[in-house]
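J.: Give the three-dimensional model of this entry:
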Amino acid sequence: MRTIQQRDLRNDSGKVLAAVESGESFTITRNGKPVAELKPLTQRTFVPIAELARTSAHLPRIDYGEWRAEMDSLIDQEMPEDE
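T.: Below you'll find the predicted structure:
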């Protein structure tokens, strides 16, 4: 969370609100003392399928067998004994 002065909010409100729209939060101060918080009303909790498809279209393909073998080699497969 960034801290800005009341004067900066007044003079650069367009830039500040654009930052809030992109998910940033601000503490507003007056005479050096915090008086308010400015943060987005809603935070996206999901990604639409179309956006996921668009952003992942250029990622390399993953071979499940190779991935599983690598995970198995990295993770200890033994169960701990009860103490």
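
J.: count of residues packed around Val16?
T.: Val16 has 19 neighbouring residues, counting by other C-beta atoms under 10 Å. Yep, even glycine has a C-beta here, placed from its N, CA and C like the rest.

J.: Which residue, other than its chain neighbours, is closest to it?
T.: Computed as C-beta to C-beta, 6 or more residues apart in numbering, the closest residue to Val16 that is not its neighbour in sequence is Leu9, at 5.7 Å.

J.: Locate the one you found within the secondary structure: which element?
T.: According to DSSP states H and E, Leu9 maps onto helix 6-11.

J.: returning to what we had before: what distance do you get for the residue nearest to Val16 to Ala36?
T.: 9 Å (C-beta to C-beta, to the nearest Å).

J.: What of Ile75?
T.: Noted for Ile75: a distance of 47 Å to Ala36, by C-beta to C-beta.

J.: more neighbours, those two?
T.: For Ile75 versus Ala36, neighbours defined as other C-beta under 10 Å are more numerous around Ala36 (11 against 8).

J.: Am I right that that one is in a strand?
T.: Yes - checked against DSSP: H, G, I helix; E, B strand; the rest coil, Ala36 lies within a strand.

J.: Skip the chain neighbours and tell me the closest residue to Pro34.
T.: Thr27 (5.1 Å).

J.: what's across from the one you found in the sheet?
T.: Thr3, Glu37 (DSSP bridges).

J.: what's the burial count for it?
T.: 14.
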